[in-house]
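*Asks:* A predicted structure for the sequence below; I have some questions about it.
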Amino acid sequence: MPEAVQRWWQHPDHYYWMTAYLAAQGAQAAVCRTIAVATAGLGLIPLLMLLSPSGPQGPVNRSAAVAIAVCCFVWALLWLRPVWPSLRASAVFVVMSSICIAVVCFTGGDIVANVTAGGAFAILGAYIGLFHTARYMLFNLGVALITVCVTASYLAQDRDVLFAACTAAFVIAVNVSVPLATQTLVQMLEVDVLSTEIDTVTGLLNKDAFYQQTSELIGARNRGDDRYLIVAVTTLDNFRMLAKTEGRVSADRARVAVGQTLRDVTRRDAVVAHIGEEEFLISDTFQTVDVSPLVNRLRSAIATTPPRLTASVGVVSTPLKGLGNIPANDVLDEMVTIATVAMFDARLAGGDQVRYVECPPLRALDDPPNP
């Protein structure tokens, strides 16, 4: 049993691969909206309780209710942004939300409601189970236990000890079982996902999943319009020197940071993958072949992300019209090859540069598809 607990405690953070998995399933936007609605709903409850005779009493408690509501609404806006929150922002969200729930439990007017409100920790615990490590789960559970025990002691003084103990036991059981069940399911899912779709270091898609998701992107966007498919190959300059001088841990941290940066600067519908040591793939559709604003923003973001490496980028574009009848993998093989050659040209020119290849003639369009 201690060994199992140790494995659970040392299990790495799965925020990145879960983020990539949601993006691969096209569920990031829905998850963001769900979390935003849930957070705003939790913030609305203290405001509504101000209208109830059983709600917060006194200027301090009522002010605390308003402050918590404002915090929840701000966090809800964070989840409605077009950019998925970073790992650090998500961790701050967890800590602040746990503290806010505790404050609500301590400042409410009705004693029974104060104890049962501790069940809200289970909602936050489910989020932690999906995205974060056991350390955050233990922090939230610790705050929940302290909050429930203290409020239950007040309930015991007002009612009776047995009623307070049973109420507290129920709330604690919910706070323990929900996060553990969620994290157990996530770890079971992790075995299948990481072996098939997700790069274990960055949490981005691997090459096979990139091809699959981009093929689906082509099928979804290929409606005879004038949009263009864009494929970009990005490599980190001097990455191998970083790995040699500072070690593998620093190199992995750099790849993780750059992976998060790529997710931040690209759109939600974009497909982002990590291949090889220092190479990343991006595909998306645009109304023009001029994607220099995106690429410049990408290079600038990488350059300001610790350890502040530069990037060489090769970009290739082709009209979406006509791709529907061609095997998507053939098109992608050719486009990735062209973008890779362009990337190496940028790198040989000194690095920290971009090479664009606009609408080259693709052999896959000339060769008839196999019957």
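*Replies:* Nice, I can see it. Numbers count the residues shown, from 1 in each chain.
*Asks:* strands of this structure, start to end?
*Replies:* Ranges of strands in the chain, per DSSP state E, are 228-236, 271-275, 279-286, 311-319, 354-358.
*Asks:* I'd like the average pLDDT over the first one.
*Replies:* Confidence over strand 228-236, taken as the mean pLDDT, stands at 95.
*Asks:* what residues sit buried inside it?
*Replies:* For strand 228-236, a neighbour-count test (16 or more other Cβ atoms under 10 Å) marks Tyr228, Leu229, Ile230, Val231, Ala232, Val233, Thr234, Thr235, Leu236 as buried. To be clear about C-beta, it is placed using only N, CA and C from the backbone, and glycine gets the same treatment.
*Asks:* over to the third one?
*Replies:* When neighbours are counted by 16+ other Cβ under 10 Å, the buried residues of strand 279-286 are found to be Glu279, Phe280, Leu281, Ile282, Ser283, Asp284, Thr285.
*Asks:* quick one: contacts for the third one?
*Replies:* Residues in contact with Leu281, defined by Cβ atoms under 8 Å, 6 or more residues apart in numbering, are Lys207, Phe210, Val231, Ala232, Val233, Thr234, Val271, Val272, Ala273, His274, Ile275, Val336.
*Asks:* quick one: low-confidence ranges for this structure?
*Replies:* Scanning the chain for pLDDT under 70 picks out 1-12, 20, 23-26, 189-196, 200, 220-225, 367-371.
*Asks:* domain map for the chain?
*Replies:* Taking automatic domain parsing as the reference, the chain has its domains at 2-196, 207-366.
*Asks:* quick one on the thing from earlier: for the buried residues of strand 279-286, work out which two are farthest apart.
*Replies:* Glu279 and Thr285 (21.6 Å; Cβ to Cβ).
*Asks:* please name the nearest non-neighbouring residue to Gln213.
*Replies:* Nearest non-adjacent residue to Gln213, counting by Cβ to Cβ, 6 or more residues apart in numbering: Val271, 4.5 Å away.
*Asks:* count the neighbours of the one you found for me.
*Replies:* 23 (other Cβ atoms under 10 Å).
*Asks:* isn't it up against Ser215?
*Replies:* No: using Cβ atoms under 8 Å as the test, Val271 is too far from Ser215 to be in contact (9.6 Å).
*Asks:* quick one, what contacts the closest residue in space to Leu124 that isn't next to it in sequence?
*Replies:* Excluding its sequence neighbours, the residue lying closest to Leu124 (Cβ to Cβ, 6+ apart) is Ser97, at 5.2 Å. By Cβ under 8 Å, 6+ apart, the contact list for Ser97 reads Thr39, Trp75, Leu124.
*Asks:* which residues sit in contact with the second one?
*Replies:* If I follow you right, that is Trp75. Applying Cβ under 8 Å, 6+ apart to Trp75 gives the contacts Thr39, Phe93, Met96, Ser97.
*Asks:* just give me the closest of those residues to Val60.
*Replies:* Met96 (19.7 Å).
*Asks:* gap between the closest residue to the closest one other than its chain neighbours and Ser215?
*Replies:* Distances taken as Cβ to Cβ, 6+ apart place Cys71 nearest to Met96, at 6.7 Å, with adjacent residues excluded. Separation of Cys71 from Ser215 (Cβ to Cβ, to the nearest Å): 42 Å.
*Asks:* same check on Gly276?
*Replies:* When Gly276 is compared with Ser215 (using Cβ to Cβ), they lie 21 Å apart.
*Asks:* same thing with Val92?
*Replies:* In terms of Cβ to Cβ, Val92 sits 37 Å off from Ser215.
*Asks:* of the contacts of Ser97, which belong to helices?
*Replies:* Cross-referencing the contacts of Ser97 against helices under DSSP state H gives Thr39, Trp75, Leu124.
*Asks:* so what's the residue count around Pro53?
*Replies:* 8.
*Asks:* how about it, what does it touch?
*Replies:* Per Cβ under 8 Å, 6+ apart, neighbours of Pro53: Gly109.
*Asks:* again with Gly109
*Replies:* Going by Cβ under 8 Å, 6+ apart, Gly109 touches Met49, Ser52, Pro53, Ser54, Gly55, Pro56, Gln57, Asn61.
*Asks:* what about the residue lying closest to Ala168 once chain neighbours are set aside, distance to Ser300?
*Replies:* Nearest non-adjacent residue to Ala168, counting by Cβ to Cβ, 6+ apart: Ala152, 3.7 Å away. Counting by Cβ to Cβ, the separation of Ala152 from Ser300 is 53 Å.
*Asks:* before we move on, the earlier item: pipe the buried residues of strand 279-286 into a markdown table and attach distance to Ala243 per row.
*Replies:* As requested, the buried residues of strand 279-286 are arranged in a markdown table below (distance: Cβ to Cβ, whole Å):
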| residue | distance to Ala243 |
| --- | --- |
| Glu279 | 14 |
| Phe280 | 16 |
| Leu281 | 20 |
| Ile282 | 23 |
| Ser283 | 27 |
| Asp284 | 29 |
| Thr285 | 34 |
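*Asks:* thanks again, I'm all set now.
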